[in-house]
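>>> structure here, sequence nowhere to be found:
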């Protein structure tokens with residue numbers, strides 16, 4: 001198979017897949033249907049997934065995966081197309097749920113989806129207190145890990 005066309009959806013990771021015009025359009029379709037998908041019944045979710053796949057195909061797009069051994073692009077079967085689309089819809093719905101949860105409790109990473117990076121940023125920004133003497137040397141440091149609704153200001157022994 002030749003190189004992917006602009007309407008094709010590239011199955012893969014990285015900047016090439018993320019920035020491909022067909023993948024950008026695919027993500028916009030996912031975002032458009034995300035809310036309906038998250039509140040839909042199982043049969044309705046199947047219909048939404050099929051609608052998105054059909055929309056890509058009807059616009060001349062294909063779902064392609066690169067064969068790393070040969071370097072050629074191959075079209076994936078319709079079941080794999082629906083699986084990729086369903087996974088993208090689930091990730092979109094989960095992402096929106098996380099954003100809502102973070103909005104309710106700002107500054108505390110959502111444990112459901114928290115990544116190591118989010119945890120590190122939170123610890124550095126909110127939970128590490130270092131006392132520095134006049135000479136600039138470190139006298140002591142304290143790390144307090146809180147759970148639930150606790151915040152650094154409510155943690156005992158933590159200076160503000």
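That came through fine. None of the values given here were measured: they were computed from a predicted structure.
>>> how about the helices in the chain?
Secondary structure of the chain (DSSP state H): helices at 15-19, 21-38, 42-58, 78-104, 116-122.
>>> and those: which comes nearest residue 7?
Nearest of the helices of the chain to residue 7, taken as Cβ to Cβ: helix 21-38 at 5.0 Å. To be clear about C-beta, it is placed using only N, CA and C from the backbone, and glycine gets the same treatment.
>>> picking that back up, between the helices of the chain, which shows the greatest average number of neighbours?
Across those, averaging neighbours per residue (mean count of other Cβ atoms under 10 Å) puts helix 21-38 on top, at a mean of 17.
>>> give me the residues contacting it.
4-10, 17, 44-45, 48-49, 51-52, 55-56, 59, 61, 85, 88-89, 92-93, 96-97 (Cβ atoms under 8 Å, 6 or more residues apart in numbering).
>>> adding mean pLDDT, write the helices of the chain out as JSON lines.
JSON lines is the format used below for the helices of the chain (pLDDT from 0 to 100):
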{"stretch": "helix 15-19", "mean pLDDT": "91"}
{"stretch": "helix 21-38", "mean pLDDT": "95"}
{"stretch": "helix 42-58", "mean pLDDT": "97"}
{"stretch": "helix 78-104", "mean pLDDT": "84"}
{"stretch": "helix 116-122", "mean pLDDT": "64"}
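>>> quick one: closest of those to residue 70.
helix 15-19 (17.2 Å).
>>> mind giving me the packing neighbours of that closest one?
In terms of contacts (3 or more Cβ pairs under 8 Å, 6 or more residues apart in numbering; DSSP states H and E), helix 15-19 is packed against strand 9-11.
>>> picking that back up, okay if I get the helices of the chain as TSV plus distance to residue 69?
Output for the helices of the chain, formatted as TSV (distance: least, Cβ to Cβ, whole Å):
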stretch	distance to residue 69
helix 15-19	18
helix 21-38	23
helix 42-58	26
helix 78-104	18
helix 116-122	33
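>>> first-to-last residue distance for stretch 11-20?
End-to-end span of stretch 11-20 (Cα to Cα, to the nearest Å): 11 Å.
>>> and for stretch 14-22?
14 Å.
>>> before we move on, what about stretch 67-81?
Separation of the first and last residues of stretch 67-81 by Cα to Cα is 16 Å.
>>> before we move on, what about stretch 11-26?
Stretch 11-26 end-to-end distance (Cα to Cα) = 11 Å.
>>> what's the answer for stretch 65-81, then?
Span of stretch 65-81 from end to end, Cα to Cα: 11 Å.
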